[in-house]
Structure formats: structure tokens, C-alpha cells
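Novice: Sequence and computational prediction follow.
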Number of protein chains: 2
Amino acid sequence: MSEYTLYCFAQSGNAYKAALMLNLCGADWQPRFVDFFKGETRTPAYRAINPMGEVPVLEHDGRRLAQSGAILDYLADRFGRFGWKDDDERREVLRWLLFDNHKLTSYIATLRFMLQFAKTGETPVTEWLRSRIKPALSVLETQLGSRPFAVGEAPTIADLSLCGYLFWPDEFGVEWADWPNISAWLDRIRALPGWVHPYELMPGHPLPAKR
Amino acid sequence: MSEYTLYCFAQSGNAYKAALMLNLCGADWQPRFVDFFKGETRTPAYRAINPMGEVPVLEHDGRRLAQSGAILDYLADRFGRFGWKDDDERREVLRWLLFDNHKLTSYIATLRFMLQFAKTGETPVTEWLRSRIKPALSVLETQLGSRPFAVGEAPTIADLSLCGYLFWPDEFGVEWADWPNISAWLDRIRALPGWVHPYELMPGHPLPAKR
């Protein structure tokens, strides 16, 4: 039995945020595969684990935590890594966690799901989602023009949140060559000891051909 | 000159989250009207104030803070109100702040903007947004079935975030009669000393007839 258990599946960038943090911290952790594509997160049994019906969920020391940002905050505290030096910096990290959840991951994860898994093709909704992603990426591109990581010189959980879906640019139709600061920042994250691509870090990839 | 200055406008539920907190805490604050509907948040001058191009922005004590959740966190610390008793409760508050930003405000604010201000009428995008709002409201309805406020017996900044757009149910087509726990919770928030409806708390309502 590992010390940490993470409810996750390979295609979830939100789960990846927590999985990557565990791996970068060298945590003793194991994945607990959630069969999202067979509807597990909609079952009463899963809703008893997380009433929000989402991954990731982290189990540790009798606690059960949901929401990737809250899990990252908990792990930063446990490991003393990727955190902040004072309350002002904690709020700066929080600002980027909120921006990620509200403006970046929110739209990218949904667009990718539609194109890659629901296979809706191009629709007015995918077109609208794209129109939201571009300004969000511009905000991040600008921020990374003046510092190597989201809040400063060192990587924090804000970076681990923001990058959650960004190692799949082909799956939501972006070329990092068009976003040089983001591209260089993703290279810096890839270079962190313990970095592993989401499809290799969590179970469930590739999906069975027949679903 | 007031102690706190809040960049806001009456139609922004995200700005309302911060304005309501300031008012409930009896802060010495003044609004700084942002002419969103004339494009102010897209100007270089405003981007210099907030590169994310959004309201609210709070100015206090030489600091400039953006993202409603980070502002609420700061004010809870300053006033010692609507906060948490320990790190576990802080993360529980954070969990609901993140849920609000990602799953509730995100979709409701956008649907309301399309219907009420952009006047798009019903489109595939508004239909899709409605399909996302219902499960998010269900999560909140369930949570409020077992406690008076989002994280427990007392109101916290999580409640002030979650309610940001919910005093305009007619503007995004929801009847609170269908959501009894949310309805009773909104009544509890309305009963807090210092509560004022967003259209009365912030400048810019009603909009000029000609835009």
C-alpha cells in the first residue's frame, strides 16, 4: 500500500496536475484508475467519493481531497516544494491557479474532449471555445515573457496547474511554435527531475479501440 | 481617499464577490468604475493595471490584487472574517472557490452575458452552457442540503464567491423555486448585515439605453 493514492486516468489533465506533483516530489504514490469513459464518475459509488464527480481525488493519511488546486496546495505543504515564501506569494500562486481553472484549463479541456473523445467535429461550440482559448494563452504568453515560471524564478504549483493539458497541443489544435514563451516554459517543466508525460504517468492509455 | 479601491462595474458578478466582502466587513472602500461595455478592459491602459484584462482589481496599501478568489483571501486575512480556522478548512474553502470559478461562475457569467448583454438569443453555445450549469447547480444544491453554508455552519469567502452571479436568476433563466437549498442559502446571505444587491452596490446600473 503506497502512502498516497490518486484517483485518476491517463486522459485527464486535471488529474495529471496532481500526478505530476507527486512524481516531482518523489512521493510514494499509486494511481487508482477511474474508468471515466465507461461512466464511473457518474455512478453513486463515485459520487460518494467525490460529490463533484471529478478526478483527481487524493487519499492520504485518512484524508480525501478533491479539486486539483486544493490537492496541489496540500502537497506543497506536505513536501515543502513548489510552494510560496509568504502569504503575498501564496496569493500570487492562487491568482494563477484560479486563472488556470477559470480561463485556461476550463476551455482547453472541454475543446479537447469534444474533438478527441466525443468526436463532435467542428461545431459552433468548438469554434466558441477556440475564441476563448486564444486570449487565455496570450495572457500566459505575456506573463512568461518576463520570468521563467508563472510567478517568478522557480516553479510552483501554479505552473503544474497551468501545464495540465498543454502536453497535448495536437489534441486541441495548437502549435507551440506560435507561442514561443509558453514553448520554452514547457521545455523547462519537461526538464524537471521526475517529469513524465501524462500518458505514461497515469493508467488507461491508449483507450480501447471499441468504446 | 478611501482605504480600499475596487475596480468594478455593476454588471460584474466577479467584482461583486469582492465588493460584497468589503461591504460585509464594513471596510472603508470606494468603487473605481470600469467602463467594460465601452471596451475599457481591452485597452493597453487597463492591461497595465491587470494583464488578465478583468475586474475586479483591488488596490490597498500599495498592493494591486486581481482575481476575485485571491482578493477574497486577502480580505479574509485583513479583516479576520469569512475565513478559516486551520489549513484543512482553508483548503476546503479553496476547493469551493475553484469549483465556483471552474464550473459555476464560468458558465453562468458567460450565458448571462450572451443573453442579457450581447443579446445573441438562443444559440448552440447558450444551449451547451445551460447543459453545464445544471449539474454545477446540482452539486451546490446537494452540498447545501447538509449545512447552512458551503463549508459549514458559518459563511466564508467560498459563499461570497459562489453567490456572485446568483442574485440575477432571471438574467440567466433559473428559478430558485426549483433549487430549494440554494434558495434558502441565498436568503441567509441576504440576511448578513451589510448585504446589498450588486446593482446597488457598484456603479453603472442601469446601462445607457443606446450602446
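Specialist: It's in.
Novice: For A:Ser106, what is the enclosing helix or strand?
Specialist: Here A:Ser106, judged by DSSP states H and E, is contained in helix A:105-112.
Novice: Report all helices and strands that that helix contacts.
Specialist: Helix A:105-112 is packed against helix A:13-24, helix A:124-143, helix A:169-172, with contacts defined by 3 or more Cβ pairs under 8 Å, 6 or more residues apart in numbering or on different chains; DSSP states H and E. In this view, the C-beta of every residue, glycine as well, is placed from N, C-alpha and C.
Novice: care to break chain A down by domain?
Specialist: Segmentation of chain A into domains, based on automatic domain parsing, reads A:4-80+A:196-201, A:87-190.
Novice: Quick one: distance of the last one to the chain centre.
Specialist: If I follow you right, that is domain A:87-190. Offset of domain A:87-190 from its chain centre (Cα atoms, centre = their mean, to the nearest Å): 9 Å.
Novice: again with stretch A:50-61
Specialist: 14 Å.
Novice: how far does it stretch from start to finish?
Specialist: 17 Å (Cα to Cα, to the nearest Å).
Novice: Give me the contact list for it.
Specialist: A:3-9, A:12, A:14-15, A:17-19, A:32, A:34, A:36, A:41-42, A:46-47, A:49, A:64-68, A:71, A:74-75, A:78, B:99, B:103, B:135, B:139, B:142-143 (Cβ atoms under 8 Å, 6 or more residues apart in numbering or on different chains).
Novice: For ChimeraX, what selects the buried ones among the residues you listed?
Specialist: Selecting only the buried entries of the contacts of stretch A:50-61 in ChimeraX, with 16 or more other Cβ atoms under 10 Å in any protein chain shown as the criterion:
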select /A:4,5,6,7,8,9,12,14,15,17,18,19,32,34,36,41,46,49,65,66,67,68,71,74,75,78 /B:99,103,139,143
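Novice: Restricted to helices, list the contacts of stretch A:50-61.
Specialist: Using DSSP state H, the subset of these located in helices is A:14-15, A:17-19, A:46-47, A:49, A:68, A:71, A:74-75, A:78, B:99, B:135, B:139, B:142-143.
Novice: Number of residues surrounding A:Lys134?
Specialist: By other Cβ atoms under 10 Å in any protein chain shown, 12 other residues sit near A:Lys134.
Novice: just A:Arg91 next, same as before
Specialist: Residues near A:Arg91, counting by other Cβ under 10 Å: 20.
Novice: just the one 3 residues further on next, same as before
Specialist: For A:Leu94, the neighbour count with other Cβ under 10 Å is 27.
Novice: ok, now A:Gly152?
Specialist: Counted with other Cβ under 10 Å, A:Gly152 comes out at 16.
Novice: Please list all residues in contact with it.
Specialist: A:Glu89.
Novice: Equivalent analysis for the one 5 residues further on, please.
Specialist: For A:Ile157, the contact set (Cβ under 8 Å, 6+ apart) comprises A:Met21, A:Gly69, A:Leu72, A:Asp73, A:Leu75, A:Ala76, A:Phe82, A:Gly83, A:Val93, A:Leu97.
Novice: switch to 7 Å and redo it
Specialist: When contacts are counted by Cβ atoms under 7 Å, 6 or more residues apart in numbering or on different chains, A:Ile157 touches A:Met21, A:Leu72, A:Asp73, A:Ala76, A:Phe82, A:Gly83, A:Val93.
Novice: List, out of those residues, those positioned next to chain B.
Specialist: A:Asp73 (Cβ under 7 Å from any Cβ of the partner chain).
Novice: returning to what we had before: and the helices and strands packed on helix A:105-112: which comes nearest B:Leu115?
Specialist: When the helices and strands packed on helix A:105-112 are compared for distance to B:Leu115 using Cβ to Cβ, the nearest one is helix A:124-143, at 14.4 Å.
Novice: returning to what we had before: deepest-packed of the helices and strands packed on helix A:105-112, please.
Specialist: helix A:13-24 (a mean of 26; mean count of other Cβ atoms under 10 Å in any protein chain shown).
Novice: Can you tell me how far A:Leu186 is from chain B?
Specialist: 20 Å (Cβ to the nearest Cβ, to the nearest Å).
Novice: quick one: that residue and A:Gly164 touch, right?
Specialist: No. The pair A:Leu186 / A:Gly164 is not scored as a contact, 11.6 Å apart, by Cβ atoms under 7 Å.
Novice: More neighbours: these two, which one.
Specialist: Neighbour totals were compared for A:Leu186 and A:Gly164, and A:Gly164 leads with 25 against 19 (other Cβ under 10 Å).
Novice: Spit out the contact partners of that one.
Specialist: By Cβ under 7 Å, 6+ apart, A:Gly164 lies in contact with A:Gly13, A:Asn14, A:Tyr16, A:Lys17, A:Thr105.
Novice: Need the three-state assignment for it.
Specialist: Following DSSP: H, G, I helix; E, B strand; the rest coil, the label given to A:Gly164 is coil.
Novice: Disregarding flanking residues, what is the spatial nearest neighbour of it?
Specialist: The shortest distance from A:Gly164 to any non-neighbouring residue, by Cβ to Cβ, 6 or more residues apart in numbering or on different chains, is to A:Gly13 (3.8 Å).
Novice: measure the one you found to B:Leu140 for me?
Specialist: Separation of A:Gly13 from B:Leu140 (Cβ to Cβ, to the nearest Å) stands at 24 Å.
Novice: how near is the spatially most central residue of chain A to chain B?
Specialist: When Cα atoms, centre = their mean is applied to chain A, the residue found nearest the centroid is A:Gly164 (2.8 Å). For A:Gly164, the distance to chain B equals 12 Å [Cβ to the nearest Cβ].
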